[in-house]
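A.B. asks: sequence and predicted structure are below.
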Amino acid sequence: MIRDIVMTIRETIEETEKKTLSPYAAFSRDSKGRERKESEDDLRPVFQRDRDRILHSKSFRRLKDKTQVFLIPEGDHYRTRLIHTLEVSQSARTIAKALKLNEDLVEAIALGHDLGHTPFGHAGERALNRVCSLGFEHSDQSLRVVDVLEKDMTGLNLTFEVRDGIANHRTTGNPSTLEGRVVQLSDKIAYMHHDMDDAIRAGILKDDSVPEKIGEVAGYKTAERLDYFIHDVIMESYGKNEIRMSPAADKAMKDLREWMFKSVYTNPKAKSEEGKAESLIESLYMYFYNRPDRLPMEYRKLMSKTGDPLERIVCDYISSMTDRYAIGVYSDLFVPTSWSIK
Ligand code: MG
């Protein structure tokens, strides 16, 4: 064990947190802990350890091939779910550092927040939610990934604070730490920024095409707006026990979101393949629901171990798939292959 005279490195880092972070930060030493008790690491405080567990998980690596907005794009510069995750983490850490909050906790929540996303982005989520009688939401699934599905169905046994931030990252959520709230806002700031940037790349929008009521407040260029929202959150929250935006920024954000919905998220050019993606997900769901014997062995074992309903297990399997894997499974099951003598 590495010791710095009398304290471990971890204890030294925990001491530094106490001396340097805001009194409103979540201190590693004060964590509400893990469901299954574990011995402490000699190098890393709990949230740093959780961040590493998420980064090393298979679900994290699969984010590289899951849709953000544009389905299986051919250009190399469009965001995938992995790049979205990294951009959320970067904005959230910038805010956390400025506000003297716990950067390790913010990073762990940010890297884990979308682990439960389906293939084909929100189209996949909508399809599963429609076809599964138990409903499906990616934020609940992200929690299920870290609690149950990861590490060969034993779960990552993360701390309360990281799990709480992941489960509450959507607008309707209510995270119990300021760090969770920082990620909740950074998620929105990040996707508004990069979805617009990708829409410009795709020729759907022009860089300066935002309406005047947004441009005059937050800037006409995507980079200007990213800077504006991050600064606004920091200025409005500095030294306070809350994370907020100014009323002007909040309104600009809502206007921007509404405008993005009209011009990008429901744009027929960007979304032309979504109907097909939804049918593909529905077909996979119905197939495995009717043929549970065709589910991979680890999911069948999970069902007998936990007693979870088949509907949930089928969602677990399908939501874990990358876009490409889902297309591969679909074509194996439903597309005839040509005959050849091998
Ligand atoms: Mg997200």
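C.D. replies: Looks like it came in fine. Numbers count the residues shown, from 1 in each chain.

A.B. asks: need the residues of the chain near the ion, please.
C.D. replies: Contact residues, the chain versus the ion (C-beta under 5 Å from the ion): 114, 187. (Glycine included, C-beta is placed from N, CA and C.)

A.B. asks: any idea of the mean pLDDT for the top helix by length along the chain?
C.D. replies: Determined from DSSP state H, the single longest helix within the chain is helix 178-201. The average pLDDT within helix 178-201 is 93.

A.B. asks: for the following helix or strand past that helix, name the packing helices and strands.
C.D. replies: Downstream of helix 178-201, the first helix or strand assigned by DSSP states H and E is helix 212-218. Here helix 212-218 touches helix 222-237, helix 247-260, going by 3 or more C-beta pairs under 8 Å, 6 or more residues apart in numbering; DSSP states H and E.

A.B. asks: for the closest residue to the ion within the stretch 151-300 of the chain, list the residues it contacts.
C.D. replies: Proximity to the ion, evaluated over the stretch 151-300 of the chain using C-beta to the ion, is greatest for residue 187 at 4.3 Å. Taking C-beta atoms under 8 Å, 6 or more residues apart in numbering, we find residue 187 in contact with 88, 110, 113, 169.

A.B. asks: can we see that at 6 Å?
C.D. replies: Residue 187 is in contact with 88, 169, counting by C-beta atoms under 6 Å, 6 or more residues apart in numbering.

A.B. asks: in CSV, list the helices and strands packed on helix 212-218 along with mean neighbour count, distance to residue 207 and mean pLDDT.
C.D. replies: As requested, the helices and strands packed on helix 212-218 are exported to CSV (neighbours: other C-beta atoms under 10 Å; distance: least, C-beta to C-beta, whole Å; pLDDT from 0 to 100):
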stretch, mean neighbour count, distance to residue 207, mean pLDDT
helix 222-237, 19, 7, 96
helix 247-260, 17, 14, 95
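
A.B. asks: what about the residue positioned nearest the centre of the chain, which SS state?
C.D. replies: In the chain, the centroid-proximal residue (C-alpha atoms, centre = their mean) is residue 114; its distance is 2.0 Å. On the three-state scheme (DSSP: H, G, I helix; E, B strand; the rest coil), residue 114 is labelled coil.

A.B. asks: just use 35 as the starting number from now, easier for me
C.D. replies: In the new count, where the first residue is 35, that last one comes out as residue 148.

A.B. asks: shaky segments in the stretch 235-376 of the chain?
C.D. replies: 376 (pLDDT under 70).

A.B. asks: out of the helices and strands packed on helix 246-252, the one nearest residue 83 is which?
C.D. replies: Residue 83 lies closest to helix 256-271 among these, at 26.8 Å (C-beta to C-beta).
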